[in-house]
Structures are given as structure tokens and as C-alpha cells.
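> Dropping a prediction and its sequence here:
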Amino acid sequence: MNNKILSVVFLLISQTVFGQIQLKLTVQMPDCKQEKFLLVRGDEGGSFVVGQTKVADNGVLSFSWEGNYGFYRLAGEMGNIDFLISNPDFYFSLDGKPVLGEFRFPDTDENNQFHYYLSEFNVLNQRIGTLREALEKLNERDSSYKELYAQFKLVQKEKKVLLKELWRTHIDSWPARMALAKQELDPDVKLKGKNYDDYHQKHFFDYFAFSDSVLQATPIYYEKIGKYLNANHIDDLIKAENYKTINDVISKLFWLTELEPSSQKYLANYLMNRYPEQKFPEIYHLIVDAYKVLNTCEYVMGNKIIQTRMRNSHANNAGWLVPDVELNHSFDGKIQSLSDVNSDLTLLIIWSGSCVHSRELLERIKDLYPEYHDLGLEVVAVSLDNNLNYWREMVLQNYSSWVNACDTDGLNGTTANLFNIYVTPSMFLIDSSLKTVAVPQTFFQLEKELGEFFK
């Protein structure tokens, strides 16, 4: 990865860490007067709309908002415009309509290269589409068919050459990677034979990697997930309640992330937002199971035990009265069980010191703990480590003033059995009456639930 990409990634990370900034976008669009556009952004939970407005009579479109640098999309009825914002007062111009219009970005801005690649693909795709339509109207025995087909194959070859050039010689630049990823959304399927759905199921990630830090959480990223689900006829499967096939589709999608942790997280958040537990309980829990088994520190257990725990864990939803589990080896001798915790809301996190995902999650919780603790949150961190000395050392090295306890019987112990734990980390938000408010699966969901509870 070259220095330019590293600088972009650092820019995105630094803005996430240090907070939002005031951003302004100005676009000169003289040929789009009075057309409405949405400004769309991606984050851990999926794509969301920053705002919407119309192009003024003077041909200017403008947005002002608090946000972060990164990839954005202007979505209009005539097409989408994707671009990277890298400074607080960003501008560009468009002559014509979004699909085939001519873009002008600030000098030396890599968006110039990105949209040049896209325009090349658009011209080729348009020619391929026009030739395909003409061929489909002809009989293969017509004298003009062979000549037209030769032109069709020639343009297809031009497109393949462009794809290979970007893939082999320009893959270290984000404009090439974004252009290749976007190109996969509109595949050039064969004139006869495989259809659109077949293509997406077999070639969906030829020029796209879920683990690519540049592409993650962009509108293109989530659009591709949606196209993949549609190519697998997800809506028809839901109507037919064909949960076995739905599980196969979801499981394959998780495996296609190549088990890259942040990719798994983005995918899980997107899917759980798309299929919320209240409306799609069966699908939601298929997603949860796939995510937890693949993206957590899985313990070595008998398959029957795992399956039983997974089935029983589905009952651990909002409103469940949690067991008043004993907090063994608690650092605070006054708190011996969950009912001893005096708080408006308790976050119970069951973790393990040997689990890297657990340690990463605790670090993120540690950052938000002071703010929410003042509002009435308490954290109870129960470890499943069987070595007390190791656990104490882990806690002391990364000490936080919340309640720390340890069940040395691990996955076979009381805590794991009562809460149907089969992987770590696992989280439960519990109110003062020991009823679950929510069972977040990711840090993104945890932040969302805390914001809702304490708003």
C-alpha cells in the first residue's frame, strides 16, 4: 500500500478518533437546475443520508454539515456521483448529467483520476449495451449479424484491457480500486448464456476485496452487499420462509469477507440493521450466529453443546429476566451478584483474556465508560479465564473502575450456562430490575443502544 493510501486511511481514522468537523460541499451543476440530490455517507452501520436539497436556479448545489473526511455519494434520479472529500471546504463542477457528464475537481485531486476511469467504463458500457440491443433484434443468420458481433467482441476486449491495466498496474491507487469496485456493480454479462444473477454469484468480488480499508464503509461497499443479496433472490426466500437457503446465503457472504475482523463487523452491522430483530427475528439470529461464530474467539466444544447454546441464546432478547448470577472473585468485595450493582443500566460483558476480540472491545468500552457512567451506567466485566493469576494481571494492566469478576470454570461454568454463552465477547444491557434492555452484538450497536437509553 503506497503512502497516498496510507494518508487517506490515517485521515479517516484520525477524524473518527478526534471527532467531527464542520464540512461544506459546493457543486457547480448548471445542467441540473431544480433537481434533488441526497448526500450519502457510509459508516459501521451502513449507508445513511447526511442531507438532501435541490440545485438552485443559479446551478449551485451546496451542503453544510458536521462530519468526517472520507467517501461520499450524491444520489439523484439521473445517477450517482461518488467522491472523496479531503478538506473542509470541498468543491467540484459537473457539465451535463451525472452518468456521462464531465467532472472537474480541484487540481491534483485524485477524484479527477477516479472519474476519468469511470467515464472510460461508462463509454465502453454504453457502446456494449447499444450493440447488444442491436444484436438481440437480429437473427444469427442475418448477413449483418456477424459484422455487428465482431464489433461487439472488439469493444468487450477494450473493456477487458482497461480492467487488466487497472488491476495489474494501478491497484495501489484508490481511484483504480474504487473504479474497479464500482464497475462490478454493472457487469458486462455475456450476450447469451449466464444471466445477471449468475454473474454476481460467481464473479461478485473479482475486483473487490471486503478487507480493503479504502473500500470499507463506502456507499459502494454497501451497494455491493445489497446487489449480492438481490442476486440470490433474498426477498423471495424471505417470503417463502426458506431459512435454510437464507442461512446459506448469509454464511457464504460472511466467508467472502476472508474472515477479516473489521469487514465482518461492517457486514454484521449492515445486515442486522437491514433485518432488525423485531421485524425479522429468524433472519436476525441467523446473522448473529454467523457473525459470532466467525468473528469471535470460539471455544473448542462439542458440536451438540454449541448448537444447544446457540438455540437457547435466541431467547436472550429484550425483556428477558436475567439470572442473578454470582460475581466470583470480584475486585469489589461489596458486589457479590448482579443484583448488588446499583445502576440505572448495567452492561454485562462476558469475555476472556486470551480472546483478542474481547480485549479490543473492552478498550473501546473503556473510552466511553466515564461519560455514560456519569449518566447512570455501570459495567460488569466477567472473565471466563480459568487462571486467576493471569486474569488478575490482565485486569491490573488495563484497569478500569467498573466491576471485574471471574468465573474460573470457563465455558462450562455457571455464568456461561445461565447466559447461553458459546463465544466471547458477549454483551447484555440490563436495567435495574434485571431485565435485558438489549443484547448488542457489536460496539456500534452498543453505542446506538446507550444513546437511545440515555437520550
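Yes, it's here.
> how about the helices of the stretch 151-300 of the chain, start to end?
Applying DSSP state H, counting those that start in this stretch to the stretch 151-300 of the chain gives helices spanning 174-183, 196-203, 219-231, 234-239, 243-255, 261-274, 281-294.
> Equivalent analysis for the stretch 1-150 of the chain, please.
3-18, 111-136, 143-169.
> The longest one vs helix 111-136, what angle?
It refers to helix 143-169. 160 degrees (axes from the mean of the first three to the mean of the last three CA atoms, to 10 degrees).
> Please point out which parts of helix 143-169 sit buried.
The neighbour-count check on helix 143-169 (16 or more other CB atoms under 10 Å) flags Y149, F152, V155, Q156, K159, L162, L163, L166 as buried. C-beta here means a position set from N, CA and C on the backbone, and glycine is covered the same way.
> do stretch 242-261 as well
For stretch 242-261, burial by neighbour count (16+ other CB under 10 Å) applies to I246, N247, V249, I250, S251, L253, F254, L256, T257, E260.
> Specify which residues of this structure, grouped into ranges, have pLDDT under the cut-off.
Across the chain, residues meeting the criterion (pLDDT under 70) sit at 1-19, 187-196, 199-201, 203-205, 295-306, 315.
> tell me which of the buried residues of stretch 242-261 is nearest to P281?
Of all these, the one with the least separation from P281 (CB to CB) is I246, at 12.7 Å.
> separation between the closest residue in space to T26 that isn't next to it in sequence and S313?
Nearest residue to T26 in three dimensions, chain neighbours excluded: Y91, at 4.3 Å (CB to CB, 6 or more residues apart in numbering). Distance from Y91 to S313, counting by CB to CB, to the nearest Å: 51 Å.
> repeat for M427
Counting by CB to CB, the gap from M427 to S313 is 12 Å.
> now do S62
For S62, the distance to S313 equals 49 Å [CB to CB].
> what's near enough to touch the residue most central in space within the chain?
Most central in the chain under CA atoms, centre = their mean is Y266, positioned 2.5 Å from the mean C-alpha point. Y266 makes contacts with E44, Q216, A217, Y221, as judged by CB atoms under 8 Å, 6 or more residues apart in numbering.
> any idea which of those is the one closest to Y399?
Nearest member of those to Y399, counting by CB to CB, is E44, at 27.5 Å.
> Just confirm that closest one contacts Y222, I think it does.
No. Counting by CB atoms under 8 Å, E44 does not reach Y222; the two are 11.0 Å apart.
> Look at D236 and say how many residues are nearby.
Counted with other CB atoms under 10 Å, residues neighbouring D236 total 11.
> cool, R364 as well?
Number of residues near R364 (other CB under 10 Å) recorded here: 13.
> Nearest residue to it in space, please, no chain neighbours.
F443 (5.1 Å).
> Distance check, the one you found against E371.
Using CB to CB, which is the criterion applied here, F443 is 15 Å from E371.
> Between these two, tell me which one has more neighbours.
Using other CB under 10 Å as the criterion, F443 and E371 rank with F443 on top: 19 against 11.
> need the contact list for the residue nearest to R364.
Residues in contact with F443 (CB under 8 Å, 6+ apart) are E44, K265, L361, R364, I365.
> Thought V379 was touching the last one, still the case?
Yes. With contacts counted by CB under 8 Å, I365 reaches V379, the gap being 6.4 Å.
> Now for those two: what residues contact both?
Both I365 and V379 are contacted by L347, I349, under the criterion CB under 8 Å, 6+ apart.
> Which residue is the nearest non-sequential neighbour of Q22?
Residue nearest to Q22 in three dimensions, not counting chain neighbours: E66, with 5.9 Å by CB to CB, 6+ apart.
> again, but for H329
Nearest one to H329, counting by CB to CB, 6+ apart, is C406 at 4.5 Å.
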